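Visitor: Sharing a model that was predicted from the sequence below.
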Amino acid sequence: MFETPDLECRDISKSFDDFKAVKDVSFAVPPGTFFSILGPSGCGKTTLLRMIAGFQKPSSGDLLIKGRSVLDVPPNKRQVSMVFQHLALFPMMNIGANVGFGLRQRGVNRADIKRQVERVLDRVGLTGVADRPVDSLSGGQKQRVAIARCMVLEPDVLLLDEPLGALDLKLREHMKIELKQLQAEFNTTFVYITHDQSEALVMSDQIAVMNRGVFEQVGTAKELYYEPSTAFVAGFVGEANKFRARVQSLDAGVQMVTDQGQVLHGTAAGKALAKGDAVDVFVRPEAVRLSRDTALNGNAGQGRVENILFNGANSQLILRDQTTGAQMNVALPQTGEFRDLSVGDTVHFGWEPAQTRVYAGD
Amino acid sequence: MPVTDRSRLTFYLLLAPLLLWLVTLIILPHVGMFLVSLREKVGVREYETGFANYAVFFNEPLYWNTFARTAYMSIAATVLTLLIGFPIAYYIAKLTRGRTKTTLFLMCLIPFWVSELVRTFGWMILLRETGVFSNVLQWAGLADAPVEMLYNDAAIMVGLVYTSMLFMVVPLVTTLDSLDDSLIEAGYDLGASGFAILREIVIPHAMPGIVSGCIVVFMLSLGNYLTPILLGGKDSLWFTGLIYSQFITRFNWELGSAFGFLLLGLSSTIVFIGLKLSRQSLGRTMAQ
């Protein structure tokens, strides 16, 4: 099935003086997708979003919305709306006037504006607040007003610039679910940028991981988590133990020796490897098994518990490998078996070569 | 409680200079002037209390014509200053950053390093019959005789706007600076034109700055003496000129005081009307 993507970028670049913020990024977002761009601050994601919104002009490349190039369309004529980082609700207007702002600019008559504003506020669960001032709302409610203000214009694409960043943790968790529900409800294409991986993982249909102006990988949350295609993605999405090693042999998986001298077996990911290559090895903390007395198969070792970071279901152990001295973060199993583990104890640990991902290093 | 006693004492001690200043330099002179304005001269060193001095003002068309003229010229000067100052302030606050911003701001300030008198003489050098503009026009062949540009209302207006520009630009820059750029971008994003953004977002946000700038400029223009006299000549018909001549030339302190009070009443009334029209409160405006 071939559909015209709601948003498509073709080799889009942006340079500031001698700094290239965005380098030849290409992607397409099919209609109705929740698309996230995830990256650390300064990776160029905000620049990319501002180019889509029209506040910045790409240095090269093309930008298409619903199949039509919008490079020459100013932001106030683009069928794209943006929810700003700090929401940018107009404090000089009440909520109704905020939501109706865009319709007023289009010259819609007053009665229609009133009706549409009420309907969209209804849909975001804020009935009857139109006459109240913006400041009378809580953080989460303001968020919904900001979305309503955009959605009332029925844009082809809604851009969201880290809108949850200013909220406290509890509310942020709640708004993640709510945003996803709102997206399903409006069935509009959302392009969401964030540096918070859990926001991206929870909400998105597709995630692009961005680093230094390029897309490292585009895929679903599962793909990014279980099959990261570059070392950056493996390190940025989710937690990971990272080792530096050198390839010894490539028969039956990758066999390598870490800088600390431990021999590991792993699975090559990303670019092809050759014997003698320096590699980065990633192992997720939850992929590591623990055992009190029997040595484990696969990549294994014995370590002393250096620290226990208790955080309910996300508790972690920090182990120090007794032979190599390497540090290892291990997720504490929640089965109760290791509840009485304490600092100074010695445990066996081990993990499968299949869950040891190896990337060519630099 | 000794602690609260002491803090209360500190409070009054800190308040004392302000109170002293208010009472001795503002309230006392005004009370004195008001009492003087109520004295009617009935003979040599003979006075009665009454409103005769105020009656003189209302019975003499020259006086209240000058009064009205001063008012509307000041309002015009205020509006002109706002119209010229707003784009300047917007440019400084929103379109420049860092060094450029500081430099531009300083350039607005520099003319104020010399006294108003010197600045006004500067304009006289430019505008007088043998002045710079007149010579340039003759040299360019646009005029065949010396042109006198001084001593008319336009010259007064130029002087007033120039003198008070800074007092408009500073509060405007301050308020516009506090306007979040993303509000303007959000406006564009939602489909507004530049004019709609100015009308619906920028001006409502800048309203306290606009009003406080206007109040200061209006007061300065209304109470200005030097500029209208120097640039408008002796027939400039500025109300402060009348007050001056009553006090200094005629030695008629009684009438001069009455005029002074009328001017105070006029400025208060117009400021009050302005605040009501713009729906701003004095407190909110002055907090800028």
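Guide: Sure thing, it's come through.
Visitor: Can you give the contact residues for stretch A:210-218?
Guide: A:20-27, A:37-40, A:43-45, A:48, A:206-209, A:223-224, A:228-230, A:232-233, A:236 (Cβ atoms under 8 Å, 6 or more residues apart in numbering or on different chains). The C-beta positions use only the backbone N, C-alpha and C, and glycine is treated the same way.
Visitor: what do you get for stretch B:153-167?
Guide: In contact with stretch B:153-167 (Cβ under 8 Å, 6+ apart) are residues B:73-74, B:76-78, B:80-81, B:84-85, B:88, B:108-109, B:111-112, B:116, B:119-120, B:123, B:127, B:149, B:213, B:216-217, B:220-221, B:224, B:227-228, B:230-232, B:236, B:238.
Visitor: burial measure for residue B:24, as a count.
Guide: 10 (other Cβ atoms under 10 Å in any protein chain shown).
Visitor: what stretches of chain B score poorly on pLDDT?
Guide: B:1-3, B:284-288 (pLDDT under 70).
Visitor: got the residues of it near chain A?
Guide: For chain B, the contact set with chain A under Cβ under 8 Å from any Cβ of the partner chain comprises B:180, B:182-183, B:185-193, B:196, B:200-201, B:204-205.
Visitor: What subset of the contacts of stretch B:153-167 is buried?
Guide: B:73-74, B:76-78, B:80-81, B:85, B:88, B:108, B:116, B:119-120, B:123, B:127, B:149, B:213, B:216-217, B:220-221, B:224, B:227-228, B:230-232, B:236, B:238 (16 or more other Cβ atoms under 10 Å in any protein chain shown).
Visitor: Now, those residues that are in helices?
Guide: Counted as lying in helices by DSSP state H, out of the buried ones among the contacts of stretch B:153-167, are B:73-74, B:76-78, B:80-81, B:85, B:88, B:108, B:116, B:119-120, B:123, B:127, B:213, B:216-217, B:220-221, B:227-228, B:230-232.
Visitor: Relative to chain B, which residue of the stretch 151-300 of chain A is the closest?
Guide: For the stretch 151-300 of chain A, the residue closest to chain B is residue A:153, as judged by Cβ to the nearest Cβ, at 6.8 Å.
Visitor: My read is that that residue contacts residue A:80, right?
Guide: No. Under the criterion of Cβ atoms under 8 Å, residue A:153 is not in contact with residue A:80, lying 9.7 Å apart.
Visitor: who's more crowded, those two?
Guide: Neighbours were counted for residue A:153 and for residue A:80 using other Cβ under 10 Å; residue A:80 has more, 26 against 21.
Visitor: Leaving out the residues flanking it, which one is nearest to that one?
Guide: residue A:157 (4.9 Å; Cβ to Cβ, 6 or more residues apart in numbering or on different chains).
Visitor: Counting neighbours, which of the residues of chain B next to chain A end up buried?
Guide: Counted by 16+ other Cβ under 10 Å, the residues of chain B next to chain A give B:182-183, B:185-192, B:196, B:200-201, B:204-205 as buried.
Visitor: If we only consider those, which is nearest to residue B:48?
Guide: residue B:204 (53.7 Å; Cβ to Cβ).
Visitor: In space, what's closest to the closest one - neighbours in sequence excluded?
Guide: Closest to residue B:204 by Cβ to Cβ, 6+ apart is residue A:92, at 4.0 Å.
Visitor: does residue B:40 sit in a helix or strand, and which one?
Guide: Per DSSP states H and E, residue B:40 falls inside strand B:39-43.
Visitor: Equivalent analysis for residue B:8, please.
Guide: Going by DSSP H and E, residue B:8 is part of helix B:2-21.
Visitor: who's in contact with the helix or strand just after that helix?
Guide: Counting by DSSP H and E, the next helix or strand C-terminal to helix B:2-21 is helix B:28-37. With Cβ under 8 Å, 6+ apart as the test, helix B:28-37 has contacts from B:53, B:54, B:253, B:254, B:255, B:257, B:258, B:260, B:261, B:264.
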